[in-house]
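Chemist: below are the sequence and a predicted model for it; my questions follow.
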Amino acid sequence: MKKIYPCIIGLGYVGLPLFVSLKKKFKIVGYDISKRRISELNNFKDRNKEFSRKELTLNKGCLFTSNKADIKDSNFYIVAVPTPIKNNKDPNLIYVKSAFTLIANFIKNNDIIFLESTVYPGTTLEICKRIIQKKNKNIHFSIGYSSERINPGDKIHNIKNISKVVSIDADNKTISSVKSVYKNVSKKIVFTKKINEAELSKLIENTQRDLNIGLMNEIMILCERANLDFNEVLRLAKTKWNFLKFKPGLVGGHCLPVDPYYLSYFAKKLRFNTKITLAARKTNNSMEEFIFKKIILELKKIKNYKKNKIVVMGLTYKSDVPDYRNSLAINIFNKLKKQNKNIKAFDPIIENSFIEINKINNNFKEIMKSEIFIILVKHKQIDKAVKFAKKNKKIIIDPLSLI
Ligand SMILES: NC(=O)c1ccc[n+]([C@@H]2O[C@H](COP(=O)([O-])OP(=O)(O)OC[C@H]3O[C@@H](n4cnc5c(N)ncnc54)[C@H](O)[C@@H]3O)[C@@H](O)[C@H]2O)c1
């Protein structure tokens, strides 16, 4: 087997953990278009707060770079760039296309490429492969897709112990090279030759989750209308052996609010009108208004509440992650701010870029001078702050536990 020199393209929530897993074994290049991200990583700083200084220390021959030419000696490329949606909710593959255009400039005979970004079926073979082929008519290369199931902030289901789908249709020599790389990422590889099926499997994982949370959100809103205790309804239903234990909540992040649109786009291309795929999207987004109204209702119960110092606790899209993409908590905070511009926010773990742009003051002592605490996202550090606030007899509004 030839010597493998991997290269990760896109060093975000997905790409960096891959890089860290592989750097122990290979001379690996980590490439990102963001010069800021590269400079931070070279200073052992992960803005996503997943890795320590020690974990980011590089062995000889490994490299973080935003210099395109540095990928020239690589022969195993893994692409982990964002796959957002456009304003009209269609997939936006601009980052994927630019990553493959870059690889097309450097690819050599027998190189291997994997796409790990979440995409709709056909993207790897009909879009990415063609970008490479167009520029390299006489070069033989192999291309595959591996879905990423990483769950940032989750210490139990980490990259090493979650099973990983790896799909490629190639000769045995290539497949053993692929296995020799991916066995360092995950202990449980689920291998398939069917790339389109692997792409679709990723989309349904997240769509299924979005739908189930959406159903719980809908039932919760219904209980409120009917004046029924949702928690009691749920407690009773859960006693059935096959009842799925989903909870209502604020759905955000880069995956759940996006992936069902990729699935629906794929169906639309085939002129198939899916009826369930997007059913939860509206309901899950409507939770922003639902929770906002709940908060206002609680605030109005407090005499002269506008004269009090109010703080919103937690802004990211879920607890214990700094990621704030598509965060409904941020939208709720902005709505509250429109009503009362003195309202403050506290989020000790949100990405620095948000703190800088929005001038968030995370000074604990300062925040503890507030009189009303509205809790939206329960990071461990926020739990501690809330305990402290309770001890000091502050007013706590916890709209998600009022559910
Ligand atoms: N975040 C998650 O929990 C998660 C989980 C599973 C799958 N995914 C999927 O993985 C993919 C990546 O998501 P992410 O959360 O890591 O995104 P991210 O925004 O955290 O990271 C992407 C990185 O790619 C870089 N980038 C963009 N275009 C580039 C290019 N052309 N060349 C090199 N670098 C480029 C960006 O600067 C950024 O640092 C998406 O398709 C997402 O749906 C994400």
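Modeler: Perfect, I can see it now. Worth saying up front: this structure is predicted, and the values here are computed from it rather than measured.
Chemist: ranges for the helices of the chain?
Modeler: With DSSP state H as the criterion, the chain has helices at 15-23, 35-42, 53-56, 94-106, 129-135, 172-182, 195-226, 230-237, 259-269, 279-300, 328-339, 352-358, 364-367, 380-391.
Chemist: out of the ones you listed, which is closest to Phe373?
Modeler: Put simply, out of the helices of the chain the one that sits nearest Phe373 is helix 380-391, at 5.0 Å, with distance taken as CB to CB. For the C-beta atoms, the positions are set from N, CA and C on the backbone; glycine is no exception.
Chemist: from the chain's centre, how far out does the closest one sit?
Modeler: On the basis of CA atoms, centre = their mean, to the nearest Å, helix 380-391 is displaced by 26 Å from the centre of the chain it belongs to.
Chemist: next one: stretch 371-387
Modeler: Using CA atoms, centre = their mean, the mean C-alpha position of stretch 371-387 is found 23 Å from that of the whole chain.
Chemist: measure it end to end?
Modeler: 14 Å (CA to CA, to the nearest Å).
Chemist: next, the buried residues of it.
Modeler: Of the residues in stretch 371-387, those buried by neighbour count under the rule 16 or more other CB atoms under 10 Å are 371-379, 381-382, 385-386.
Chemist: between the residues you listed, which is closest to Ile397?
Modeler: Ile374 (4.7 Å).
Chemist: what's the spacing between that closest one and Asn304?
Modeler: Using CB to CB, to the nearest Å, Ile374 is found at 17 Å from Asn304.
Chemist: residue closest to the middle of this structure?
Modeler: With distances taken as CA atoms, centre = their mean, the chain has His254 as the residue nearest its mean C-alpha position (4.3 Å).
Chemist: who's in contact with that one?
Modeler: Contact partners of His254, counting by CB atoms under 8 Å, 6 or more residues apart in numbering, are 13, 82, 84, 323, 325-326.
Chemist: so what pLDDT did it get?
Modeler: His254 is assigned 95 on the pLDDT scale.
Chemist: pLDDT score for Lys187?
Modeler: Here the pLDDT value assigned to Lys187 is 91.
Chemist: my guess is Val386 contacts Ile375, does it?
Modeler: Yes. Using CB atoms under 8 Å, Val386 is in contact with Ile375, at 6.1 Å.
Chemist: find the residues that touch each one of the two.
Modeler: Going by CB under 8 Å, 6+ apart, residues that sit against Val386 and also against Ile375 are 313, 396.
Chemist: point me to the residue of the stretch 251-400 of the chain nearest the ligand.
Modeler: Closest approach of the stretch 251-400 of the chain to the ligand (CB to the nearest ligand atom) occurs at His254, with a separation of 4.7 Å.
Chemist: tally of neighbours for Ser21?
Modeler: Residue neighbour count, defined by other CB atoms under 10 Å, stands at 19 for Ser21.
Chemist: output the below-cut-off pLDDT ranges for the stretch 301-403 of the chain.
Modeler: Counting by pLDDT under 70, the stretch 301-403 of the chain contains low-confidence ranges at 402-403.
Chemist: tell me the residues of it that contact the ligand?
Modeler: Proximity of the stretch 301-403 of the chain to the ligand (CB under 6 Å from any ligand atom) involves no residue at all.
Chemist: enumerate the residues of this structure near the ligand.
Modeler: 9-15, 31-34, 37, 80-83, 95, 98-99, 117-118, 148, 150, 152, 254-255.
Chemist: burial check on Asp70, number of neighbours?
Modeler: When neighbours are counted by other CB under 10 Å, Asp70 registers 16.
Chemist: how about low-confidence regions in the chain?
Modeler: Applying pLDDT under 70 to the chain picks out residues 402-403.
Chemist: now it against the ligand: closest residue?
Modeler: Among the residues of the chain, Gly12 lies closest to the ligand, at 1.7 Å counting by CB to the nearest ligand atom.
Chemist: quick one: residues contacting that residue.
Modeler: By CB under 8 Å, 6+ apart, Gly12 lies in contact with 32, 37, 48, 80-82.
Chemist: circling back to that earlier point, just the helices of the chain: most buried one?
Modeler: Among the helices of the chain, ranked by average contacts under mean count of other CB atoms under 10 Å, first place goes to helix 15-23 (a mean of 24).
Chemist: contact partners of it?
Modeler: Judged by CB under 8 Å, 6+ apart, the contacts made with helix 15-23 from elsewhere in the structure are 6, 8-9, 11, 28, 30, 32, 41, 46, 48, 50-51, 55-56, 58-59, 62, 78, 80-81, 116, 150, 159-160, 181, 184-185.
Chemist: make a PyMOL selection of whichever of those residues turn out to be buried.
Modeler: Buried subset of the contacts of helix 15-23, written as a PyMOL selection, criterion 16+ other CB under 10 Å:
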select buried, resi 6+8+9+11+28+30+32+41+46+48+50+51+56+58+62+78+80+81+116+150+159+181+184+185
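Chemist: among the contacts of helix 15-23, which are in strands?
Modeler: With DSSP state E as the criterion, strands contain 6, 8-9, 30, 78 from among the contacts of helix 15-23.
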